[in-house]
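Q: Coordinates for the following, if possible.
(one chain, ligands or ions: 3)
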Amino acid sequence: MIEKVKAYGELFRVHNLLGTALGVLAGALLVGTELNLQVIVAIASAVSIAAAGYAINDYFDVEIDRINKPERPLPSGRISPQAAYNSALLLFVIGSLLPLVVGPITTAFAIANAVLMYHYSKTLKRKGFIGNLTVAFSTSATIFYGALAVLEKLGKLDEIFYIIPVVVLTFTLTLAREVVKGIEDYYGDKENSVKTLAVLMGPKKAALAALLLTVSCIPLIALSYMWTRLGTIFLALTSTGALLSIFSIVKVLRSNDPISEAAKARRITKIAMFLGIMAILLDRLLSLAFFRY
Ligand SMILES: CC(C)=CCC/C(C)=C/CC/C(C)=C/CC/C(C)=C/COC[C@H](O)COP(=O)(O)O
Ligand SMILES: CC(C)=CCC/C(C)=C/CC/C(C)=C/CC/C(C)=C/COP(=O)(O)OP(=O)(O)O
Ligand SMILES: [Mg+2]
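A: Numbers count the residues shown, from 1 in each chain. Ligands and ions are numbered 1, 2, ... in the order given. Below is the predicted model:
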């Protein structure tokens, strides 16, 4: 029984689900001041859809994972492909029905993301850069979703525009990271004709594209600071994350072995993403604790 629970925890990538939950909470705190029912529902809904997204990903990736990741739950035989598929469908439905208690727009957004996650793993991922755009969109959608749930319930949807710079910032950093992951996976993607930027323009030019995306995060951080309730902690942590990412991608650009260097940049940019989440959460929670704002 314990082994089965552990296997499903690996299938749903529980460690990443924490990031998704924090992403939704961050979005909610950008426009609201409390952890109320709609925030809890939005978190549960997004986590359910993300878990389904990871399960359906392993279902469609099972043959690739038999070679690259044989220890994963499906190729190792600990969970059957049909069980993974059924659990994904159930979680997609749960995640899409939960926001009905919030409102129709939040529900429609959840359903759209559920459909997108299914098609990412079924087809979009193998199209290369389109797959990168999808992951960047669904990652930034977690922040948008938290704010949407709060504002739809309050009847203040017009205020959603104030968080657009933060959503674009999240999208941009995540896209840069997905391009870096494409450099790391260059040889396998090239063999399987996956049209990532690294395959289409070569690892070095792809690294330059990732660098330009990451540098563009700097003005987006400034815009986010000016347009929202975010303050100094947000500026400090996101600027640190941006600089760490820029330096790691410059090293890929200058390296004689960009593929190996990209593996390090992938880890650094994931740290930057969590710095980004903590930047919003710490800034807002301290602001609420000391200034009730
Ligand atoms: C410049 C800078 C630091 C900007 C910060 C932007 C920001 C607020 C980012 C937040 C990103 C976010 C919402 C993260 C939570 C969700 C999460 C943990 C995503 C990680 O990516 C999941 C990915 O599919 C798995 O990656 P891998 O580990 O490579 O398999
Ligand atoms: C906003 C709402 C309602 C839902 C969005 C909630 C989601 C889906 C959040 C997660 C976003 C995210 C980071 C999705 C990643 C998609 C995914 C399955 C990535 C892993 O796929 P691969 O590209 O095969 O990489 P692996 O090698 O790790 O399997
Ligand atoms: Mg996969």
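Q: pLDDT at residue 183, what is it?
A: pLDDT recorded at residue 183 is 96.
Q: Could you check which residue of the protein lies nearest ligand 3?
A: Closest contact between the chain and ligand 3, by CB to the ion, is at residue 61 (3.7 Å). Where you see a C-beta, it was placed from the backbone N, CA and C, and this is true even at glycine.
Q: show me what contacts that residue?
A: Listed by CB atoms under 8 Å, 6 or more residues apart in numbering, the contact partners of residue 61 are residue 121.
Q: how close does it get to residue 139?
A: Going from residue 61 to residue 139 by CB to CB, to the nearest Å gives 19 Å.
Q: Rank the helices and strands of the protein by mean pLDDT and give me the bottom one.
A: Across the helices and strands of the chain, mean pLDDT, DSSP states H and E gives its lowest value to helix 186-191, namely a mean of 89.
Q: ok, is that helix in contact with ligand 2 or not?
A: No: Helix 186-191 lies apart from ligand 2 when judged by CB under 6 Å from any ligand atom; the minimum separation is 10.4 Å.
Q: Quick check: next helix or strand after that helix?
A: Per DSSP states H and E, helix 186-191 leads on to helix 197-201 as the next helix or strand towards the C-terminus.
Q: buried sites along stretch 121-128?
A: Judged by neighbour count using 16 or more other CB atoms under 10 Å, the buried positions of stretch 121-128 are 121, 124-126, 128.
Q: Work out the gap between the least confident helix or strand of the chain and the centre of the chain.
A: Centroid displacement of helix 186-191 relative to its chain, using CA atoms, centre = their mean, to the nearest Å, is 23 Å.
Q: Show me the contact partners of it.
A: By CB under 8 Å, 6+ apart, the list of residues contacting helix 186-191 from outside reads 68, 128, 182, 194, 196, 198-199, 203, 259, 262.
Q: Give me the buried subset of the residues you listed.
A: By 16+ other CB under 10 Å, the contacts of helix 186-191 give 128, 182, 194, 196, 198-199, 203, 262 as buried.
Q: and the residues you listed as a markdown table, adding distance to residue 152?
A: As requested, the buried ones among the contacts of helix 186-191 are exported to a markdown table (distance: CB to CB, whole Å):
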| residue | distance to residue 152 |
| --- | --- |
| 128 | 35 |
| 182 | 36 |
| 194 | 38 |
| 196 | 36 |
| 198 | 40 |
| 199 | 41 |
| 203 | 43 |
| 262 | 40 |
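Q: Most widely separated two among the contacts of helix 186-191?
A: Taking CB to CB as the measure, those span a maximum distance of 18.9 Å, between 68 and 203.
Q: Now stretch 50-63: average pLDDT?
A: 96.
Q: should've said stretch 97-104
A: For stretch 97-104, mean pLDDT rounds to 97.
Q: Next: stretch 5-13.
A: 97.
Q: re earlier: what's the farthest-apart pair in the buried residues of stretch 121-128?
A: 121 and 128 (14.3 Å).
Q: And the helices in the protein?
A: With DSSP state H as the criterion, the chain has helices at 2-11, 14-31, 37-68, 81-97, 104-122, 129-154, 164-184, 186-191, 197-201, 203-215, 217-227, 232-254, 258-291.
Q: Turn the ones you listed into CSV, including distance to residue 75.
A: Below are the helices of the chain laid out as CSV (distance: least, CB to CB, whole Å):
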stretch, distance to residue 75
helix 2-11, 12
helix 14-31, 19
helix 37-68, 4
helix 81-97, 10
helix 104-122, 15
helix 129-154, 21
helix 164-184, 20
helix 186-191, 16
helix 197-201, 25
helix 203-215, 28
helix 217-227, 36
helix 232-254, 30
helix 258-291, 22
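Q: Can you flag the weakest of those helices by average pLDDT?
A: helix 186-191 (a mean of 89).
Q: quick check, that one touching ligand 3?
A: No: Helix 186-191 does not reach ligand 3 (CB under 5 Å from the ion); its nearest approach is 12.0 Å.
Q: for that helix, which positions count as buried?
A: Judged by neighbour count (16+ other CB under 10 Å), helix 186-191 contains these buried residues: 186, 189.
Q: go on, stretch 260-280?
A: Taking 16+ other CB under 10 Å as the criterion, stretch 260-280 shows 261-262, 265-266, 268-270, 272-273, 275-280 as buried.
Q: Next to ligand 3, which bits of the stretch 1-150 of the chain? Give me the list.
A: Residues of the stretch 1-150 of the chain lying near ligand 3 (CB under 5 Å from the ion): 57, 61.
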